[in-house]
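Trainee: return a 3D structure for these sequence lines:
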Amino acid sequence: YLLDCFNLITKTDKQSLNLQLPCGTGKTYIMVYTIREALQQNPDEKFIIFCPWVDLGKQTCELFVDFNIKTSFIGDGQHTIKDDSNVIICINASVEHIPLDMEFKYGFCDEAHHLENDESKVMSKINQLNCQQIINVSATFHDQDDLDYNYPMRDAINDGYISDYVLHIEYFS
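Mentor: Okay, the predicted model is just below:
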């Protein structure tokens, strides 16, 4: 499924994609793999990843640094984009600090279900950026009719990629 998503991203003509995969199936690794493959073709490419929360953004940033990808973090009071960065990890609310004249091969929106509202000011600003393609990833899109890729949780469990779950409900009197 990871390679299916990569192939969809790299082979589609669509300017925007919605990929729905359950928690724990590696949505961030899809981003890393896609970006690493693109950088092998052109080491000067730029990419941007939007995250709704600082903790998630910093975790994503650490993963890219672990893969030796030059990364800048924008948010939490940091607004400087390093000249040699290939990847910018931007907290959604800090989108205003991204220059409109920067060119990005891919723009990824993590937890994209938070940006589905047609009146989302953040998504409006993201759409103003110069991205060749926007890839929205989430485990829980509200609009299930507009998915380009869907890997259901039950399939991920049955395929052995994530653990099955057991609910324990306790009642106290």
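Trainee: and the helix ranked longest in the chain, what's buried?
Mentor: Ranked by residue count under DSSP state H, the longest helix found in the chain is helix 27-41. Buried residues in helix 27-41, defined by neighbour count with 16 or more other Cβ atoms under 10 Å: K27, T28, I30, M31, V32, Y33, T34, I35, A38, L39. Just so you know, the C-beta spots here come from the backbone N, C-alpha and C atoms, and that holds for glycine as well.
Trainee: show me which of those residues is closest to E103.
Mentor: Nearest to E103 among the buried residues of helix 27-41, counting by Cβ to Cβ, is A38 at 13.1 Å.
Trainee: so what's the closest one up against?
Mentor: By Cβ atoms under 8 Å, 6 or more residues apart in numbering, the contact set of A38 is E45, F47, K105, Y106.
Trainee: can you tell me the centre-most residue of this protein?
Mentor: The residue lying closest to the centre of the chain (Cα atoms, centre = their mean) is D110, at 3.4 Å.
Trainee: nearest residue to V32 in space, please, no chain neighbours.
Mentor: The shortest distance from V32 to any non-neighbouring residue, by Cβ to Cβ, 6 or more residues apart in numbering, is to F67 (5.7 Å).
Trainee: pretty sure that neighbour sits against R36.
Mentor: Yes: with contact defined as Cβ atoms under 8 Å, F67 reaches R36; the gap is 6.6 Å.
Trainee: anything in contact with each of the two?
Mentor: Residues touching both F67 and R36 by Cβ under 8 Å, 6+ apart: none at all.
Trainee: what does the lowest-mean-pLDDT helix or strand in the chain contact?
Mentor: Lowest on mean pLDDT, DSSP states H and E among the helices and strands of the chain sits helix 121-128, with a mean of 91. Outside helix 121-128, the residues that touch it by Cβ under 8 Å, 6+ apart are F50, N92, A93, V95, E96, L100, G107, C109, L115, E116, N117, I134.
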